[in-house]
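In: Okay, here's the prediction I keep looking at, along with the sequence it came from:
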2 protein chains.
Amino acid sequence: MSRVVVRGTGLFTPEGGVTNDELVESLTTATLHWNEANAGAIARGELAARDLPSAKFIVRASGVGHRYVIDKQGVLDPTRLRPRIRRRGEEELSLQAEICLSAAREALAQAGRSGDEIDAIVVGCSNLQRPYPAIAIEVQAALGAGGFAFDMNVACSSATFALQNVVDALRGGHARRALVLNPELTSGHTNFELREFHFIFGDACTAIVLEREDEGDEPAVGEAWEILDTRLVTRFSNNIRNDAGFLNPCEEPARAPHELLFRQNGRQVATEVSPMVAEHLRKHLADAGIPIDRVRRLWLHQANLGMNRAIAKTLLGRDALPEEAPVILDEYANTSSAGSVIAFHRHRGGIDVGECAVLCSFGAGYSIGSVLLRKLRA
Amino acid sequence: MSRVVVRGTGLFTPEGGVTNDELVESLTTATLHWNEANAGAIARGELAARDLPSAKFIVRASGVGHRYVIDKQGVLDPTRLRPRIRRRGEEELSLQAEICLSAAREALAQAGRSGDEIDAIVVGCSNLQRPYPAIAIEVQAALGAGGFAFDMNVACSSATFALQNVVDALRGGHARRALVLNPELTSGHTNFELREFHFIFGDACTAIVLEREDEGDEPAVGEAWEILDTRLVTRFSNNIRNDAGFLNPCEEPARAPHELLFRQNGRQVATEVSPMVAEHLRKHLADAGIPIDRVRRLWLHQANLGMNRAIAKTLLGRDALPEEAPVILDEYANTSSAGSVIAFHRHRGGIDVGECAVLCSFGAGYSIGSVLLRKLRA
């Protein structure tokens, strides 16, 4: 019997920390300017005046207090409201590959592995900076890794979906050691012009090193988390949507700029997805024969504090203690697929060998992915 | 012991057939106009005059004689040279989901299955029309399928890479019946303005129904191809590249339009990739214990006739007979990931139960994927 284990994780955090107050100040300036520039149309009733953003609203609606972005200056410039990214030549590493490498190196160091020991790399994220060659293949070359690499996207669930693919590939004998990478440059698809969307996201990249351990192998020394099972489910919804794609220049009539960025019906998402996630986890754990009171930690997707509280409460039958369902979205905001992995990376102390925990993502699609873990070695 | 089998395939072909002569006529008009409009800069030596396209060159360089495109009128309009695609509302099926459904329905009919019997769908292609919700999830809903769905991309190798993921998911118990879909709207990322690129691609979508058959199951009736093994490999190269992506609006300086479309160093690709593919297949077959003279058919990626002839010749030690390595690129051109699947879909007659064959893709990345098949039932 062989098993698949997580041997290390890594995290890239951009230097540009942005508080809610900084973000609100910038959008307030931009909104006042927009209302003034459109005063005529607003007076004629052709346009609605835009409401001013509020830091109090952000915290109450989401639990987000701060985020990191790849270009603070561009994001906060009220005349720009999006990152400024230097175009790179083909001979340079792409930005997404660069942040993957940063996270990958930390994860490899934790696992005690070098890049050339890796033979499968999957990049999963909500948006890719080019279609080909795949970002994962660029990272593979930069690490000196062998085997194969590819990109995939299922928005916020890209980490757990990539994990299942990699776990299956390891079990199937297609690889021995693998990397799952989640380079989320969400500031590139955030609408910083609208108060209902501007605060939601932050940038980050996570990395996970996975290995297959076969019976009779000399087990690697150091921390290891056995992956007991994975489960994915999807159900279509337009409540989180982004229509930016390669056909845009061919479309007639052309799409409005806001359709080429993230948008959502936030309330409907929270109402519909939270019970789906709780039920998915309840059933996954039940089918694996793991009673909920034996689950030591829930590393949940980090989109909304209210959703995470509701999911944990439905599952546990009571409010979760802070250490049972760690929160990183106060500091990182929603980092799409990286969120639950950041929670795992940062908050996996205090669990004993043999104890179980759950990593779970959910989001656009809708998509839900869960990974059941057991601490194998400390 | 359980095995994974292919039970059916489907193909969507757009109505708009375009001959080389039609394409050359359109680009000739556009090129003469371009040279005239830029006559001053050409005379001053700041720009090079563009050479006129030639149908003879196209056939000699590639073996392509014809292709199908989703919008013939837009592609052939010398003042436009790209498809015109009607923008659809969110309540409508997206274009990529629509062509997926068309191919999927044929594949399901061949397999004798209905959509609600499918519990995993992977869309793999070289370019996606939106990042989220995933196209695969939209198709899942339209088919009434259960389980999970996601999108992935490894350019021309997206079919074989998706196949390995699906085979592993079926073996891993995550699904019972799955669909691999390759909706290639290549005309959306083809540079129809340059003679070295304008003829290369065509549009199509393929579908493959796969099932797990467990020991003790009543086997399904009808054609079945057992998947003996899959193997993927990637090695980074910038020789086929496209830089269109979600960060383009943030990049400074902005990219030139031609960087947001397919481009390649065709000769280098042919020189470098052909021997890699031949060696990959030789080793994959050797490791599986299948002598090359027992392989009844090679369904190769359909990018270039010369490459396919070179690969088959290296493998077989002689020129392949036409029926040994079927060609569809004379009619379809390069349909990216769909190409080898179209060859399989169209040309799998005359193989006896128990005989082996190979499906193989290769392309941007570089990426190579091979699938070893054995005819299980007629």
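Out: Looks like it arrived, so ask away. The structure displayed is predicted, hence computed values, not measured ones.
In: Pretty sure residue A:243 sits against residue A:256.
Out: No: under the criterion of Cβ atoms under 8 Å, residue A:243 makes no contact with residue A:256, lying 9.5 Å away. In this view, the C-beta of every residue, glycine as well, is placed from N, C-alpha and C.
In: what are the phi and psi angles of residue A:249?
Out: phi -70, psi -10 (degrees, to the nearest 10).
In: Now do the contacts for the closest residue to it other than its chain neighbours.
Out: Nearest residue to residue A:249, sequence neighbours excluded (Cβ to Cβ, 6 or more residues apart in numbering or on different chains): residue B:82, at 6.8 Å. By Cβ atoms under 8 Å, 6 or more residues apart in numbering or on different chains, residue B:82 lies in contact with A:249, A:250, B:74, B:75, B:187, B:188, B:190, B:192.
In: Tell me if I am right that residue B:82 is in a helix.
Out: No: using DSSP: H, G, I helix; E, B strand; the rest coil, the assignment for residue B:82 is coil, not a helix.
In: How about the secondary structure of the spatially most central residue of chain A?
Out: Computing the C-alpha centroid of chain A and ranking residues by Cα atoms, centre = their mean puts residue A:337 first, at 1.9 Å. Here residue A:337 is recorded as helix under three-state DSSP.
In: And the pLDDT at it?
Out: In this prediction, residue A:337 carries a pLDDT score of 97.
In: distance of the nearest residue to it once chain neighbours are set aside from residue B:269?
Out: Once flanking residues are discounted, residue A:337 sits nearest to residue A:158: 3.7 Å by Cβ to Cβ, 6+ apart. As judged by Cβ to Cβ, to the nearest Å, residue A:158 and residue B:269 stand 29 Å apart.
In: out of the two, which sits in the more crowded spot?
Out: Legend: neighbour count by other Cβ atoms under 10 Å in any protein chain shown for residue A:158 and residue B:269, higher for residue A:158 (35 against 20).
In: That one contacts residue A:335, correct?
Out: No: taking contacts as Cβ under 8 Å, residue A:158 lies outside contact range of residue A:335: 11.2 Å.
In: all strands of the stretch 101-250 of chain A, in order?
Out: Applying DSSP state E, counting those that start in this stretch to the stretch 101-250 of chain A gives strands spanning A:120-124, A:148-153, A:177-184, A:204-213, A:224-234, A:240-241.
In: Redo these as TSV? Include mean neighbour count.
Out: Compiled in TSV, these are given as follows (neighbours: other Cβ atoms under 10 Å in any protein chain shown):
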stretch	mean neighbour count
strand A:120-124	30
strand A:148-153	30
strand A:177-184	31
strand A:204-213	27
strand A:224-234	22
strand A:240-241	21
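In: Is residue A:220 in contact with residue A:112, as I believe?
Out: Yes: the pair residue A:220 / residue A:112 is scored as a contact, 7.0 Å apart, by Cβ under 8 Å.
In: What strand or helix carries residue A:357?
Out: Remark: residue A:357 resides in strand A:356-363, with elements defined by DSSP states H and E.
In: and what of residue A:32?
Out: Assigned by DSSP H and E, residue A:32 falls in helix A:20-37.
In: Against which helices or strands is that helix packed?
Out: On a contact count with 3 or more Cβ pairs under 8 Å, 6 or more residues apart in numbering or on different chains; DSSP states H and E, helix A:20-37 meets helix A:55-62, helix A:72-76.
In: if we go to 7 Å?
Out: Helix A:20-37 sits against helix A:55-62, with contacts defined as 3 or more Cβ pairs under 7 Å, 6 or more residues apart in numbering or on different chains; DSSP states H and E.
In: Number of residues surrounding residue A:174?
Out: Counted with other Cβ under 10 Å, residue A:174 comes out at 23.
In: which residues touch it?
Out: Contacts for residue A:174 (Cβ atoms under 7 Å, 6 or more residues apart in numbering or on different chains) come out as A:120, B:164.
In: Next up, phi/psi of it, please.
Out: Phi and psi for residue A:174, reported as degrees, to the nearest 10, are phi -80, psi -10.
In: And the pLDDT at the closest residue in space to residue A:79 that isn't next to it in sequence?
Out: Of all residues not flanking residue A:79 in the chain, residue A:30 sits nearest, at 7.5 Å (Cβ to Cβ, 6+ apart). If you check residue A:30, the pLDDT there is 98.
In: Kindly export stretch A:164-183 (C-alpha atoms) in CSV.
Out: Extracted C-alpha coordinates of stretch A:164-183, given in CSV (Å, rounded to 0.1, in the frame of the first residue of the first chain):
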residue,chain,number,x,y,z
GLN,A,164,-6.9,15.8,-6.3
ASN,A,165,-5.3,15.6,-9.7
VAL,A,166,-1.8,15.4,-8.2
VAL,A,167,-2.8,12.9,-5.6
ASP,A,168,-4.3,10.7,-8.3
ALA,A,169,-1.2,11.1,-10.5
LEU,A,170,1.0,10.1,-7.6
ARG,A,171,-1.2,7.1,-6.8
GLY,A,172,-1.4,6.2,-10.5
GLY,A,173,2.4,6.0,-10.7
HIS,A,174,2.8,9.0,-13.0
ALA,A,175,4.9,10.9,-10.6
ARG,A,176,6.8,10.4,-7.4
ARG,A,177,7.0,13.9,-6.0
ALA,A,178,4.8,16.8,-7.0
LEU,A,179,4.2,20.5,-6.5
VAL,A,180,0.8,22.2,-6.4
LEU,A,181,1.1,26.0,-7.0
ASN,A,182,-1.5,28.7,-6.6
PRO,A,183,-0.3,32.0,-8.0
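In: Just give me how far it sits from the chain centre.
Out: The chain centroid and the centroid of stretch A:164-183 are separated by 18 Å, computed with Cα atoms, centre = their mean, to the nearest Å.
In: what does the average pLDDT come to for that stretch?
Out: Mean predicted lDDT for stretch A:164-183 stands at 97.
In: Outside of stretch A:128-137 itself, list whatever touches it.
Out: Residues contacting stretch A:128-137 (Cβ under 7 Å, 6+ apart): A:94-97, A:100, A:121-123, A:149-151, A:153, A:246, B:126-127, B:153-155, B:234, B:236-238, B:240-247, B:364-365, B:367.
In: Check what pLDDT the residue lying farthest from the centre of chain A gets.
Out: Distance from the centre of chain A peaks at residue A:44, with 42.4 Å (Cα atoms, centre = their mean). Note for residue A:44: predicted pLDDT of 97.
In: for residue A:216, same thing?
Out: Per the predicted model, pLDDT is 85 at residue A:216.
In: Show me the shaky parts of chain A.
Out: Applying pLDDT under 70 to chain A flags residues A:1.
In: of residue A:243 and residue A:256, who's got more company?
Out: For residue A:243 versus residue A:256, neighbours defined as other Cβ under 10 Å are more numerous around residue A:243 (22 against 9).
In: related to what we said a few turns ago, what's next to the helix or strand that the helix holding residue A:32 is followed by, contact-wise?
Out: On the C-terminal side of helix A:20-37, the nearest following helix or strand under DSSP H and E is helix A:39-43. Contacting residues not belonging to helix A:39-43 are listed as A:35, A:47, A:49 [Cβ under 7 Å, 6+ apart].
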